[in-house]
Every structure is written in structure tokens, then in C-alpha cells.
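A.B. asks: After the sequence you'll find the predicted model.
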Amino acid sequence: MNGWLVIDKPKGLTSHDVVAYVRRALKFKHIGHTGTLDPIATGVLVIATGKATKLIQFLPSDKQYIAQIYMGITTDTMDTEGLIISKSDKIISKEQLTCILKNFIGKIKQTPPMFSACHFEGKRMYELARKGIQLKDIPAREVEIYNIDLLSFDFPLCTLKIGCSKGTYIRVLADDIGKILGCGAYMYSLQRIMANDFTMDDAVTIDEININTPVIPLDFPVKSIPPVYLSSEDSKKFQCGQFINYELQITKAPLNINFLFCHPELVSGSNNLDDKTGNNFFTSLNCKLAIPNISSPLMGDSLPFLSDGILSDSSPSQSPYSPLLPEERVRVRWESAGGEGWGEVGEGEGEQKHSEVVRVYNNNDFIGIGEITNNILKAIKVLER
């Protein structure tokens, strides 16, 4: 059994409890989770089974939560599980809360709470906290809050939708909000609605798990990583850890190209960007140039990037980016109704040096994660040898 399960974790169970339950239900030992969810929290807990455990490090790490915050009270655990350590009679308005939430958008520093799974000198901090040990000068960590939306306000309770990076403690965010408001606050409830690109729409309850439960395919959560398709011979080399020359040509580009993806900083500003046949690459193929708002010379699946980028006319002269320098080349990816491929375009014969992580297929079978550096493909993680 190789793939992913998304569990709607119930309140009261630890992430380890859920993994143990799934192991028993599936009668399969090689199982792990992609990120701890506190016992008090509910929602998306991603379970990796079999070969999927090798891919956890490559998953998108951003998360989304729905959190209820109770204002006017502070607890020692920053949630409902702790002891009350202060109360305030201060009344907070919706306008006051909305105003201060802006302070938390972007990169911020958070100090992990004592009741957390973080390690300190080889021990979990919650183990030390339960023994009454209080640590001083806990190093703060940088996290990023992408958005905070106020869904409802009924003082002393408010409900927030939060998008954030890996490692963000919503309990700490609630406590920090209370400090700025001057009334104190704690996390009243928490539901994780997205993790590793999985959402509640993908989730099943723990009671629904059995030996016949279908798993989500191995490559589903790494679709943002560009694909590479190898022959059977090269696939065997890849699985044995051998390097593979992965230099592609564009002289046999498929017809009816719809979009072409290119590194935005290396798109030529002139009209003489030629392929190896001497023809203008863009205009001769009558395609549109899509410039995604990301800095990678190797693009992933095309359509999801269009909403984040800029569509321009087929002429590269209309590109707002700097011209290609002499002897530089750009690796590009195209898609059409007839197929897809990779290639290089440029004014000189040299190559733009870069490296990029890719997902690797033997025909349509997902066999691992690799890295292309200077046209050499090497294995990073092989799913099966």
C-alpha cells in the first residue's frame, strides 16, 4: 500500500494515536504522518503509507487553520487545556481587533510554547513542562503569516482564518494578539483545513479507515514539482543512482503550442531569440508567452501557474524583463494538444547553469525525485530499486 490518506482528526487524540489506529485498521506497519496536530485541534492530518513516507520532505509545507480566540483571559498553555493566569475586564471592539491583525501579516518571530513538541537538549518541551520545569531564553523562530481573515466577531470570541508557513503556532499567535490588545487571549478551538496541499475535501473520518480504503496516488501532493519522463533504460540507471545526460533539443517541437514557460529573468528582450534551426522560437511556433510569478527556469504543470503570472503577446520584444546575455541559454517547457517537452533557447551556444528538483517517471510510473544540474539528472530519492 503506497500513497496518502487524509484524516479528519477528532479532538482529544494525538497525531501518534491516529497513526497507531491507522496501522491497526490497515494491518500495515510502514505508516507515518507529515506534521503534528495538537490533541485539542481537529482537521487535516496527512498520513503517508509505504513509499509515500520517502516523499514527506518534498511536500508543500504551508497550512491553513480556522481558529477561535477567546479575549480577556490568559492561560499558561495558551489554550483551553491550561490554568488561567490572568483576566481582564477590557472590552475590545471589532475595529480594534481588525486594526491590530495587520501587524501579524508577513514574517514574524515566535517563541515556541513550553507545551509543545519542540526539542530542548534531546527532550520534548512538553515533557519538561509537565515536570514543572520552565525554560528561559527559548530561541524565537521566524515564521510567516500569509493572511488573517476575520470570519466572525462576538466578544469575547472571534473566529479567524489563517494561512501560514510550517512551524507557526496558532496558540502563540492568539497569545500575542491578546498582548497587543492589552486584554490577554487564548486559543479556544482550532481546525486545520489545509496541509501539504490536502484539504478537508480529501479527508475521511478515522472510523471510515479500513483495509479497503483507497489511498491517494503517490505523486499527487508533489504535482508542483516539474515532471521528467525517462525511457525504461534510463529509468533503471536512475534507480541505480547513475547520472543521466538530460540535455534536450527543440528542433522537433510539437505543433499547435498553446503556452511556453520560461524563466522570467532570462526572457529575451529582442526579436532575434532563435532556436537551433535559426528560426525565431516564439513567433515561428505562434505561441503565447506565459511568465509565471516564480523564479524557476524549470516550470511545473502549466495551467495552475497562469493565474499567478502574466500573459503577453507572442513577440518576446514585449517582455518587461532584461535581454538574454551572449552565450546564455534558457531551458523552457512547452505544452500542446499533441504533447509536451523541454528544450533550450538562446542567442549563443552556451548554457544557463542552474539546478532544479524534478519528479521522475518511467513512462507513466512515478519512480522518484531527482535533480537536474547543468543537464545532468541525478537521483535524490528513489522509490524502489
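C.D. replies: Okay, I see it. Numbering: from 1, shown residues only.
A.B. asks: Excluding chain neighbours, give the residue nearest to residue 382 in space.
C.D. replies: residue 368 (4.3 Å; Cβ to Cβ, 6 or more residues apart in numbering). The C-beta positions use only the backbone N, C-alpha and C, and glycine is treated the same way.
A.B. asks: pretty sure that neighbour is touching residue 380, no?
C.D. replies: Yes - using Cβ atoms under 8 Å, residue 368 is in contact with residue 380, at 7.4 Å.
A.B. asks: In terms of packing, which of those two has more residues around it?
C.D. replies: Neighbours per residue, other Cβ atoms under 10 Å: of residue 368 and residue 380, the larger number sits with residue 368, 23 against 13.
A.B. asks: contacting residues around the helix or strand containing the more buried one?
C.D. replies: Assessed by DSSP states H and E, residue 368 sits inside strand 365-373. Here strand 365-373 makes contact (Cβ atoms under 8 Å, 6 or more residues apart in numbering) with 55, 58, 217-219, 222, 225, 228, 230, 235, 238-239, 246, 298, 354-361, 377-384.
A.B. asks: how about the CA coordinates for the strand or helix carrying residue 186, as CSV?
C.D. replies: In this structure, residue 186 is located in strand 185-195 according to DSSP H and E. Output in CSV follows, covering the C-alpha atoms of strand 185-195 (Å, rounded to 0.1, in the frame of the first residue of the first chain):
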residue,chain,number,x,y,z
ALA,A,185,-6.3,36.0,24.9
TYR,A,186,-6.0,32.2,24.3
MET,A,187,-6.9,29.8,21.6
TYR,A,188,-10.4,28.4,22.2
SER,A,189,-10.5,26.0,19.3
LEU,A,190,-8.5,25.0,16.2
GLN,A,191,-9.3,23.2,13.0
ARG,A,192,-6.6,22.7,10.3
ILE,A,193,-8.3,22.9,7.0
MET,A,194,-5.3,22.6,4.7
ALA,A,195,-1.9,21.0,5.0
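A.B. asks: That one - contacts with which helices or strands?
C.D. replies: Under the contact criterion of 3 or more Cβ pairs under 8 Å, 6 or more residues apart in numbering; DSSP states H and E, strand 185-195 touches strand 42-49, strand 63-71, strand 73-75, helix 170-181.
A.B. asks: quick one on the thing from earlier: relative to the strand holding residue 368, what are the paired strands and their orientations?
C.D. replies: As defined by DSSP bridges, the strand partners of strand 365-373 come to strand 355-362 (antiparallel), strand 376-382 (antiparallel).
A.B. asks: Going by mean pLDDT, which of these comes out lowest?
C.D. replies: Mean pLDDT per stretch puts strand 355-362 lowest among the strands paired with strand 365-373, at a mean of 87.
A.B. asks: these two touch, right, residue 13 and residue 39?
C.D. replies: Yes - with contact defined as Cβ under 8 Å, residue 13 reaches residue 39; the gap is 6.4 Å.
A.B. asks: in this structure, which ranges drop under the pLDDT threshold?
C.D. replies: In the predicted model of the chain, residues 114-135, 247-355 satisfy pLDDT under 70.
A.B. asks: Can you tell me the strand partners of the longest strand belonging to it and which way each runs?
C.D. replies: Looking across the chain with DSSP state E, the single longest strand is strand 141-154. Strand 141-154 has the following strand partners under DSSP bridges: strand 106-110 (antiparallel), strand 157-164 (antiparallel).
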